[in-house]
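1. I'll drop the sequence and a predicted model, then ask my questions.
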Amino acid sequence: MLMPSIFGENLLDDFFGMPSFPKFTGYSTNSTNNIMHTDVKETDSGYEVAMNLPGFKKEDVQAELKDGYLTIHATTNTSNDAKDDDGKYIRRERYSGSCSRSFYVGEDITQEDIKAKFEDGVLKIAVPKKEAKPAVEDKKYIAIEG
């Protein structure tokens with residue numbers, strides 16, 4: 001017999017999962033729901049990556065290629081201060097956060113091969129395809145006496 005679930009799919013998820021807080025609309029423009037959503041499109045010549053980074057500026061975003069992994073790292077610090085006529089705070093909000101994401105692009109890709117552009121809160125990256133070079137088989141012969 002199927003019982004209705006009041007805790008979700010797994011009872012333990014409610015105890016060991018991340019806490020969920022209600023969303024407060026109108027207080028903050030920073031939402032982590034749409035940060036770093038990524039679309040990867042394969043083309044004939046390579047891959048096109050489009051990553052949403054709303055609220056970030058170009059200076060806040062860094063891309064690094066190391067050991068075949070392309071890592072995108074973004075940090076932000078914002079402050080919304082509002083004062084009344086007497087100079088007293090009515091509202092004072094601060095937000096500081098960072099996020100990063102890594103993609104394996106291959107050992108043959110170099111930093112010069114990757115092109116990136118940031119506009120309107122979207123980071124667009126072009127990664128070319130490189131054919132894997134076949135490994136040259138190094139034959140080693142054993143000397144036969146006789």
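-> Nice, thanks for sending it over. Please read all numbers here as calculations on a predicted model, not as lab measurements.

2. what score does the residue nearest to the spatial centre of the chain have for pLDDT?
-> In the chain, the centroid-proximal residue (Cα atoms, centre = their mean) is residue 101; its distance is 3.3 Å. For residue 101, the model assigns a pLDDT of 92.

3. that one against residue 38, yeah?
-> Yes - using Cβ atoms under 8 Å, residue 101 is in contact with residue 38, at 6.8 Å. C-betas here are computed from N, CA, C, even on glycine.

4. low-confidence stretches in this structure?
-> 1-34, 132-136, 146 (pLDDT under 70).

5. what about the helices in this protein?
-> 11-16 (DSSP state H).

6. quick check: neighbours shared by residue 101 and residue 38?
-> Contact with both residue 101 and residue 38 is made by residues residue 51, according to Cβ atoms under 8 Å, 6 or more residues apart in numbering.

7. number of nearby residues for residue 51?
-> 23 (other Cβ atoms under 10 Å).

8. again, but for the one 3 residues further on
-> A count of neighbours around residue 54, defined by other Cβ under 10 Å, yields 15.

9. quick check: the residue nearest to it when sequence neighbours are not counted vs residue 58, distance?
-> Computed as Cβ to Cβ, 6 or more residues apart in numbering, the closest residue to residue 54 that is not its neighbour in sequence is residue 121, at 4.5 Å. From residue 121 across to residue 58, the span is 10 Å (Cβ to Cβ, to the nearest Å).

10. this completes my enquiry, with thanks.
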